[in-house]
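>>> quick check, what structure comes out for this input:
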Amino acid sequence: MDESNNKATIIVHSGDMDKIYSALILGNGALSMGMEASLYFTFWGLQRLQKDGLEKGPLSKMHFLGLGKWMIKRRMKAANVASLERLIQDYKELGGKIIACEMTMEIMGVKKEDMRQELIDEYGAVGTYIKEARESQITLFI
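Predicted coordinates for the structure are as follows:
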């Protein structure tokens, strides 16, 4: 394997709970396998980086006015699946990088003080993502 691009970059576009889980599980998996990992949060995904935003938001298309999310959370707890908060803390502890999209912040009227600063490594735009992606062996859009 070419070590010069031993990296995974994931665009986190959706704020749906199931997709946030997917992004964090894949990011943690890459890190645990010795890769670097970057999560580029944009549009609805970016809302999850706001204060009190990680555990909020819909499940997915199976939301059912909140009932779907409640049922899935119950089943996940019974199966000892880690919370989103635990997954994002693990991701940071393993050295994962989080980038918040400045353009989305501007469009949606989100200020830096609205964000969980302790999670964010960098604020950037499309050029930041392209740089990360060019250095990556794996790129995903979630």
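>>> flag the helix or strand of this structure with the lowest per-element mean pLDDT.
In the chain, no helix or strand scores lower on mean pLDDT, DSSP states H and E than helix 67-78, which sits at a mean of 67.
>>> that one: what's the following helix or strand?
helix 84-93 (DSSP states H and E).
>>> distance of Ser83 relative to Ile99?
Distance from Ser83 to Ile99, counting by C-beta to C-beta, to the nearest Å: 22 Å. For the C-beta atoms, the positions are set from N, CA and C on the backbone; glycine is no exception.
>>> do Ile142 as well
Separation of Ile142 from Ile99 (C-beta to C-beta): 14 Å.
>>> of the two, which one has the most company?
Each of Ile142 and Ile99 has its neighbours counted (other C-beta atoms under 10 Å); Ile99 has more, 23 against 19.
>>> look up the residues forming beta bridges with the more buried one.
Bridge pairing for Ile99 (DSSP bridges) gives the partners Tyr40, Glu122.
>>> quick one: contacts for it?
Ser38, Leu39, Tyr40, Phe41, Ile120, Asp121, Glu122, Tyr123, Gly124, Thr128, Tyr129, Glu132 (C-beta atoms under 8 Å, 6 or more residues apart in numbering).
>>> tell me the confidence at the closest residue to Asp114 other than its chain neighbours?
Closest residue in space to Asp114, ignoring its immediate chain neighbours: Gln50 at 5.3 Å, by C-beta to C-beta, 6 or more residues apart in numbering. The per-residue pLDDT reported for Gln50 equals 95.
>>> got the phi and psi for Gln50?
Dihedral pair for Gln50: phi -70, psi 160, per degrees, to the nearest 10.
>>> you'd agree it is up against Met115?
Yes: Gln50 lies in contact with Met115 (C-beta atoms under 8 Å); the separation is 5.9 Å.
>>> buried among the contacts of Ile99? Need that as a selection in ChimeraX.
Buried residues within the contacts of Ile99, by 16 or more other C-beta atoms under 10 Å, are selected in ChimeraX with:
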select :38,39,40,41,124,128,129,132
